[in-house]
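Q: Below are the sequence and a predicted model; questions follow.
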Amino acid sequence: MKQLNWCIPLLFSLILPSCTQEKPVQHTPVIKTAFDAPPAWAKEAIWYQIFVERFYNGDPSNDPTVIDIENAYPFVTPANWSITPWTQDWYKPDPYFETLKTLSNRFGDTFTEFDQMVQLRRYGGDLQGVLDKLDYLQELGVTAIYFNPLNDAPSNHKYDPRYWHHIDRNFGPNPTADRILLAAENPADPASWQFSSADSLFLQLVQELHQRNMRVIMDFSWNHTGMDFWALQDIRKNGSQSPFVNWYWIDTFDDPNTAEDEFVYQGWFNLPSLPEVKETARHQNHKVVKAYEGNLASESAKEHIFAVTRRWLDPNNDGDPTDGVDGFRLDVAGELPLGFWREFREVVRQVNPDAYLVGEIWWKEWPDDLLDPAPFLEGDVFDAVMNYRWYRAARHYFNESPNPITVSEFVDSLNSFRQNLSLAHNYALMNLTASHDVPRVGTSLFNKNKYKVETKPKGENGYKIHQPDQATYDILRLLLIQQFTYIGAPHIWAGDEMGMWGADDPSCRKPLIWPEFQFETEVAHPLGQDRPADQVAFKQEVFNMYQKLIQLRKRYAVLSSGTTIGKR
């Protein structure tokens, strides 16, 4: 198996006694970081990404009901719908799947495929579940939490908010009371906003994480909302007379005098469930993405976003951001104009000058061209991006997928990625091997396909969905050593450290395999094909590997902040 020369001393360091004691991370959240610089803590972060609905169900009393998931895809709910047992075989059909196959939604869509029907599943993960597992996170050694969206929203993923300024009702202790509270507010007026029970529990969680020296960032997509977002609902009701009419790309208004629904607007990737916020110019981002100048079309939409931003950075609005989050992960960030992002950065840094902004800068044009993040990392927009370029190159080299490349080719790729970014921004990058949008790292390595191409079982493509073999775990070990010793902050998609496997979305979003649970053996295949039977259980040896690499990175400061010899 191929190895780089620098792997050898690192492998020895994993087994030799430490010459120094690990030092705890000191949480100092109000450092006056230069406006154009990433916060110093970013390069020392060990990121852990949590998708709350699938993390842990700490409070079954708040589990979603039919009313909570109304208007989530697939926009129809069978009468026999129910929560899915946490330990169920992932590809095993839920009892209501057969009913769903007989239904169609308002758009005339029917449902026959697993990936369609599974979107209706809910497992009941919540914020109490995260609180219950803080000792686990601390034992693993992570120092920064990246939460997938927490917006009040009907979907499992929460990228389709009803409100940006509230935490999802089912993530908190009292969904019914929260639903009533939210309905009584004037969402256009920040002075009327209250803190729901879910909001309060989240702020308690932030404080608990801060006390454990862990940073916290929230995920938002200012690019689109959900169908039930309050401003869009006002436009549906009041048409061209709505004060929010310029928030969206509206093609036709609904005529209340007809039975038909004539309301048509632009949705992200043409999805009606994700209506796009209007910019000063219309772009076809689903074809080619590139950095562009401009801003949001509506000042009131922008001011609403800024009010939401301030709310989570400094919840009690006392000028001290220690009770708020430490920054944001910004979804589909390349599809919003640079002028808006520059203003957004100013707002964020005015509230917390040590806050961290990381953008999802991914595809220029799928499946071959990744977007150069340089325009977003000049000091006036983001501090970092999710470093998909690093992972695609590292997977290509260590996994020989889709074909072998030489050490020189790999090194040349890494050098080219760094050359037009400052050293500080290189340090702050979020180096990820998996997320909610791609196959789990074990499954990604188990299949030798091109990155993010044919990553689900379809027909006879032979995509492997079962447990990876030992050779794959050997490759994973080398890949992780490179990740945890390379410039940029390592990122863990929750569950990878447990040894989980799973194909691309939605199968990378299985509920986590906590060791106290007894899971059903995985035997089902979404296409009815034969597959090996797999025992599903927490893999202690994989956890130990991640834990040891985290300890190594913390122990030797050179791995997170080392410099090269000579000019740079």
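A: Structure received.
Q: Look up the pLDDT of the residue nearest to residue 99 when sequence neighbours are not counted for me, please.
A: Using Cβ to Cβ, 6 or more residues apart in numbering and skipping residues adjacent in sequence, the residue nearest residue 99 is residue 78, 3.8 Å away. Quick note: C-beta positions are derived from backbone N, CA and C, even for glycine. According to the model's per-residue confidence, residue 78 sits at a pLDDT of 97.
Q: and what of the one 5 residues further on?
A: Residue 83 carries a pLDDT score of 98 in this model.
Q: and it, that's in a helix?
A: No - per DSSP: H, G, I helix; E, B strand; the rest coil, residue 83 lies outside any helix segment and is coil.
Q: isn't it right up against residue 63?
A: Yes - using Cβ atoms under 8 Å, residue 83 is in contact with residue 63, at 5.2 Å.
Q: Mind listing the shared neighbours of these two?
A: Counting by Cβ atoms under 8 Å, 6 or more residues apart in numbering, the shared contacts of residue 83 and residue 63 are 122, 124.
Q: Distance-wise, check residue 169 relative to residue 493.
A: The span separating residue 169 from residue 493 equals 26 Å under the rule Cβ to Cβ, to the nearest Å.
Q: for residue 370, same thing?
A: Taking Cβ to Cβ as the measure, residue 370 falls 19 Å from residue 493.
Q: more neighbours, those two?
A: Shown here are residue 370 and residue 493; by other Cβ atoms under 10 Å, residue 493 has more neighbours (25 against 19).
Q: show me what contacts the more buried one?
A: Listed by Cβ under 8 Å, 6+ apart, the contact set of residue 493 reads 49, 432-436, 440-441, 508.
Q: The residues you listed in helices, which ones?
A: Among these, the subset assigned to helices under DSSP state H consists of residue 441.
Q: Most neighbours of all the contacts of residue 493, which one?
A: That'd be residue 441 among the contacts of residue 493, by other Cβ under 10 Å, with 28 neighbours.
Q: Spit out the contact partners of it.
A: Neighbours of residue 441 in contact, by Cβ under 8 Å, 6+ apart: 433-434, 476, 479, 493, 496.
Q: again with residue 499
A: For residue 499, the contacting residues are 442, 513, 538-539, 541-543, by Cβ under 8 Å, 6+ apart.
Q: What number of neighbouring residues does the residue nearest to residue 99 come out with?
A: Residue 78: 20 surrounding residues under other Cβ under 10 Å.
Q: name the element it belongs to?
A: For residue 78, there is no enclosing helix or strand under DSSP states H and E.
Q: quick one, phi/psi of it?
A: Backbone torsions of residue 78, given as degrees, to the nearest 10, read phi -60, psi 150.
Q: Please look at it and residue 111 and confirm they touch.
A: No - here residue 78 lies out of contact with residue 111, judged by Cβ under 8 Å, at a distance of 10.0 Å.
Q: Residues that sit against both of the two, list them.
A: 100, 103.
Q: hang on, the earlier thing: sort out for me which of the contacts of residue 441 are in strands.
A: Members of the contacts of residue 441 lying in strands (criterion: DSSP state E): residue 493.
Q: Please tell me how far residue 498 sits from residue 246.
A: In this structure, residue 498 lies at 46 Å from residue 246, with Cβ to Cβ as the measure.
Q: Same question for residue 502.
A: Following Cβ to Cβ, the distance that separates residue 502 from residue 246 is 41 Å.
Q: Any chance of the backbone angles for the residue most central in space within the chain?
A: Taking Cα atoms, centre = their mean, the centroid of the chain lies closest to residue 148, which sits 4.2 Å from it. The phi/psi pair for residue 148 (degrees, to the nearest 10) reads phi -60, psi 170.
Q: Use 196 as the first number for this chain going forward.
A: Will do, 196 is the new start, and the previous item becomes residue 343.
Q: residues in contact with it?
A: Taking Cβ under 8 Å, 6+ apart, one finds 244-247, 352-353, 414, 631 in contact with residue 343.
Q: And for residue 703?
A: With contact taken as Cβ under 8 Å, 6+ apart, residue 703 is in contact with 629-635, 638, 688, 697.
Q: any idea where the helices of the stretch 296-445 of the chain begin and end?
A: Applying DSSP state H, counting those that start in this stretch to the stretch 296-445 of the chain gives helices spanning 309-312, 322-327, 329-335, 370-379, 392-406, 425-433.
Q: Kindly reformat these as a markdown table and extend each row with mean pLDDT.
A: Converted to a markdown table, the helices of the stretch 296-445 of the chain look like this (pLDDT from 0 to 100):
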| stretch | mean pLDDT |
| --- | --- |
| helix 309-312 | 98 |
| helix 322-327 | 98 |
| helix 329-335 | 98 |
| helix 370-379 | 97 |
| helix 392-406 | 98 |
| helix 425-433 | 97 |
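Q: out of the contacts of residue 688, who's nearest residue 296?
A: Each of these was checked against residue 296 using Cβ to Cβ; the closest is residue 703, at 24.4 Å.
Q: count of residues packed around the closest residue to residue 701 other than its chain neighbours?
A: Of all residues not flanking residue 701 in the chain, residue 313 sits nearest, at 5.3 Å (Cβ to Cβ, 6+ apart). By other Cβ under 10 Å, the residues close to residue 313 number 19.
Q: and what of the one 4 residues further on?
A: The burial metric for residue 317, expressed as a neighbour count using other Cβ under 10 Å, is 21.
Q: Pretty sure it sits against residue 278.
A: Yes - counting by Cβ under 8 Å, residue 317 sits close enough to residue 278 to count as a contact (5.6 Å).
Q: what sits in contact with each of the two?
A: By the contact definition Cβ under 8 Å, 6+ apart, residue 317 and residue 278 are jointly contacted by 258-259.
Q: Which helix or strand in this protein has the lowest average pLDDT?
A: The element with the least model confidence among the helices and strands of the chain, by mean pLDDT, DSSP states H and E, is helix 202-210, at a mean of 37.
Q: since we're on residue 516, how many residues are nearby?
A: By the criterion of other Cβ under 10 Å, residue 516 has 23 neighbours.
Q: ignore the last one, residue 371
A: By other Cβ under 10 Å, 13 other residues sit near residue 371.
Q: Kindly report the same for residue 312.
A: Neighbouring residues of residue 312 were enumerated by other Cβ under 10 Å; the total is 21.
Q: which ones are touching it?
A: Applying Cβ under 8 Å, 6+ apart, the residues near residue 312 are 269, 288-289, 292, 295-296, 306.
Q: Tell me which entries of these lie within helices.
A: With helices defined by DSSP H, the entries of these inside them are 292, 295.
Q: Mind jotting down where the strands sit in the stretch 596-745 of the chain?
A: Along the stretch 596-745 of the chain, the stretches classed as strands by DSSP state E, counting those that start in this stretch are 625-626, 684-688.
Q: of all those, which lies closest to residue 403?
A: Ranked by Cβ to Cβ, the member of these that lies closest to residue 403 is strand 684-688, at 19.5 Å.
Q: which among the contacts of residue 703 gets closest to residue 327?
A: The shortest approach to residue 327 among the contacts of residue 703 belongs to residue 688, at 19.9 Å (Cβ to Cβ).
Q: The residue nearest to that closest one when sequence neighbours are not counted and residue 562: what is the separation?
A: On the basis of Cβ to Cβ, 6+ apart, the spatially nearest residue to residue 688 that is not a chain neighbour turns out to be residue 629, at 4.1 Å. Between residue 629 and residue 562 the computed distance is 18 Å (Cβ to Cβ).
Q: that's a helix at residue 747, yeah?
A: Yes - Residue 747 forms part of a helix when assessed by three-state DSSP.
Q: Pull up the gap between it and residue 426, please.
A: Taking Cβ to Cβ, one finds residue 747 at 48 Å from residue 426.
Q: repeat for residue 748
A: Using Cβ to Cβ, residue 748 is found at 44 Å from residue 426.
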